[in-house]
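Engineer: give the three-dimensional model of this entry:
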Amino acid sequence: MKENKKIWLSPPHMGGRERELVKEAFDANWIAPVGPHISNFEQELSKLSQDFNIAALSSGTAAIHLALILAGVQKDDNVICSSFTFSASVNPIKYLGANPIFIDSDKESWNMCPELLTKAIKDGIKNNKKPKAIILVHLYGMPAKLDELIGVASSFEIPLIEDAAEALGSKYKNQQLGTFADFGIYSFNGNKIITTSGGGALVCKNKKLIEKAKFLATQARDEAPHYEHSEVGYNYRMSNVCAAIGVGQLEVLTERVTRKREIFNFYKNELSMIKEITFLEELEVSFSNYWLTTILLDKNSTIDREQLRLHLEKDNIESRPLWKPMHLQPVFKDCKSYVNGVSEDLFNRGLCLPSGTAMTTEDLKRIVKKVKELYEV
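Structural biologist: As a prediction, this is how the structure comes out:
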């Protein structure tokens, strides 16, 4: 029996001009990690981000690492981070020898809970260990409760890093995510809404801090005819070839957001009759790119998340559990956390459905058919 074609969770989707732009880089021999496409990519990305300053980097993880350094985080400092996220949000804290403190989620946005954040900061101050920075994540492209969270960070004068790795094209009060805090982070990994193959960006209002980030990202080489270094640097700059892909991808970002939202609405409309399945909805002031469509299975459902995932897998359809919270990860078992049970419950009951923008209507119908089949709808 012939196997059905693979439907991936969120594969790259080229827009058309990327090949032409990469060819320009090859023809001009700009293959080294410098070149005009990097500047073009930063300029175009800046236009989307309220004309903030941009440093194009090798990954979103690199951007978080540099943001922490620029925020003054050092060994043994405490850094607050969302627990319900991918490990890349928190690993850079450990790179610096600092201590992650995890904050659980609110039920409405699935992102950092403002009440628990306040408690964690007050506890830190009480123990003469005020947190040095906060890493807030906009999960699956869904905006967090920014007014409340920014209010908390500002009242305690703690730098805020906005991890919008999954949220390019998402907005809060009609403003692009990643532009509300002291630093913003984007990722252009192959599974993101647009890709540079691998890559990321650091966003900041302060031009001098972005210049410092670029300096650190190119091995912190001082001005001299020889190689002179007065600081430790990193090999974090995006290559000109990857940036060429990014320039082409930015041209189709609006189309990609529209398509992601269409996919979400297709699933919601087609699966709404299954009472055991619910969807993460936008808050009133939020606009999500719906990077991945996520569903939550009812606690009393006779079908659990793994049954549904494996049922789809049998038909060569990739789906994935929601992120396992960082406070439950073995590598971070000794880290302090403020928990309300929300993210653990989401992990146990949640699933990401295929959300690739190149999927056809037939692909979507096939996925929905398999879900309905399991629920005998």
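
Engineer: hey, let's count contacts and neighbours off CA atoms from now on
Structural biologist: Will do.

Engineer: starting at the chain centroid, how far to stretch 246-258?
Structural biologist: Computed by CA atoms, centre = their mean, to the nearest Å, the chain-centroid distance of stretch 246-258 equals 17 Å.

Engineer: list the buried residues of that stretch.
Structural biologist: For stretch 246-258, burial by neighbour count (16 or more other CA atoms under 10 Å) applies to G246, V247, G248, Q249, L250, E251, V252, L253, R256, V257.

Engineer: which outside residues touch it?
Structural biologist: With contacts defined as CA atoms under 8 Å, 6 or more residues apart in numbering, stretch 246-258 is touched by 14-18, 21, 37, 40-41, 44-45, 169, 193-196, 289-291, 357.

Engineer: endpoints of that stretch, how far apart?
Structural biologist: Terminal residues of stretch 246-258 are spaced 18 Å apart (CA to CA, to the nearest Å).

Engineer: ranges for the strands of the stretch 201-350 of the chain?
Structural biologist: Listed in chain order, the strands of the stretch 201-350 of the chain (DSSP state E, counting those that start in this stretch) span 277-279, 286-287, 293-297, 320-321, 336-338, 350-353.

Engineer: need these in CSV (columns: mean pLDDT and distance to K126).
Structural biologist: Formatted as CSV, the strands of the stretch 201-350 of the chain follow (pLDDT from 0 to 100; distance: least, CA to CA, whole Å):
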stretch, mean pLDDT, distance to K126
strand 277-279, 97, 39
strand 286-287, 98, 34
strand 293-297, 98, 38
strand 320-321, 98, 37
strand 336-338, 98, 15
strand 350-353, 98, 36
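
Engineer: could you dump the ones you listed to TSV with distance to K130 and mean neighbour count?
Structural biologist: Output for the strands of the stretch 201-350 of the chain, formatted as TSV (distance: least, CA to CA, whole Å; neighbours: other CA atoms under 10 Å):
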stretch	distance to K130	mean neighbour count
strand 277-279	37	17
strand 286-287	31	22
strand 293-297	35	22
strand 320-321	34	18
strand 336-338	14	19
strand 350-353	34	24
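
Engineer: make CSV from those and add distance to V152 to it.
Structural biologist: Conversion of these to CSV gives the following (distance: least, CA to CA, whole Å):
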stretch, distance to V152
strand 277-279, 28
strand 286-287, 19
strand 293-297, 28
strand 320-321, 31
strand 336-338, 16
strand 350-353, 29
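
Engineer: tell me where the stretch 1-150 of the chain is predicted with low confidence.
Structural biologist: 1 (pLDDT under 70).

Engineer: for the closest residue to M359 other than its chain neighbours, list each beta-bridge partner.
Structural biologist: Once flanking residues are discounted, M359 sits nearest to I7: 8.0 Å by CA to CA, 6 or more residues apart in numbering. Beta bridges link I7 to I317 when assigned by DSSP bridges.

Engineer: I'd say I7 and P354 touch.
Structural biologist: Yes. Using CA atoms under 8 Å, I7 is in contact with P354, at 7.0 Å.

Engineer: shared neighbours of these two, anything?
Structural biologist: Jointly contacting I7 and P354 under the rule CA under 8 Å, 6+ apart are I317, E318.

Engineer: just the helices in the stretch 101-250 of the chain please.
Structural biologist: Per DSSP state H, counting those that start in this stretch, the stretch 101-250 of the chain carries helices over the ranges 114-126, 146-155, 207-217, 240-250.

Engineer: do you know which of the ones you listed lies nearest N91?
Structural biologist: Closest approach to N91 among those (CA to CA): helix 207-217, 17.6 Å.

Engineer: buried residues in that closest one?
Structural biologist: Buried residues in helix 207-217, defined by neighbour count with 16+ other CA under 10 Å: L209, I210, A213, K214, F215, L216, A217.

Engineer: could those go into JSON lines alongside distance to D163?
Structural biologist: Shown next, in JSON lines, are these (distance: CA to CA, whole Å):
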{"residue": "L209", "distance to D163": "17"}
{"residue": "I210", "distance to D163": "16"}
{"residue": "A213", "distance to D163": "16"}
{"residue": "K214", "distance to D163": "19"}
{"residue": "F215", "distance to D163": "21"}
{"residue": "L216", "distance to D163": "20"}
{"residue": "A217", "distance to D163": "19"}
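
Engineer: who does K171 form a beta bridge with?
Structural biologist: Legend: beta-bridge partners of K171 under DSSP bridges are Q176, F287.

Engineer: any idea how many residues pack against it?
Structural biologist: Neighbourhood size, K171 [other CA atoms under 10 Å]: 20.

Engineer: contacting residues around it?
Structural biologist: K171 sits next to P143, L177, S286, F287, S288 when contact means CA under 8 Å, 6+ apart.

Engineer: how would you label the closest residue to E211 other than its chain neighbours: helix, strand or coil?
Structural biologist: Leaving aside its sequence neighbours, E211 sits nearest to A55 (CA to CA, 6+ apart; 7.9 Å). Here A55 is recorded as strand under DSSP: H, G, I helix; E, B strand; the rest coil.

Engineer: A213 is in contact with A55, correct?
Structural biologist: Yes. Contact criterion CA under 8 Å: A55 and A213 qualify, at 7.0 Å.

Engineer: what about the closest residue to Y172 other than its chain neighbours, distance to K47?
Structural biologist: For Y172, ignoring the flanking residues on the chain, the nearest one in space by CA to CA, 6+ apart is S286 at 4.7 Å. From S286 across to K47, the span is 20 Å (CA to CA).

Engineer: next one: N174
Structural biologist: Distance of N174 to K47, computed by CA to CA: 14 Å.

Engineer: and if you look at E223?
Structural biologist: Distance of E223 to K47, given as CA to CA: 30 Å.

Engineer: contacting residues for S170?
Structural biologist: Per CA under 8 Å, 6+ apart, neighbours of S170: G141, M142, P143, Q176, L177, S286, F287, S288, N289.

Engineer: of these, which is the nearest to K2?
Structural biologist: Looking across the contacts of S170 and measuring by CA to CA, the closest to K2 is N289, at 35.1 Å.
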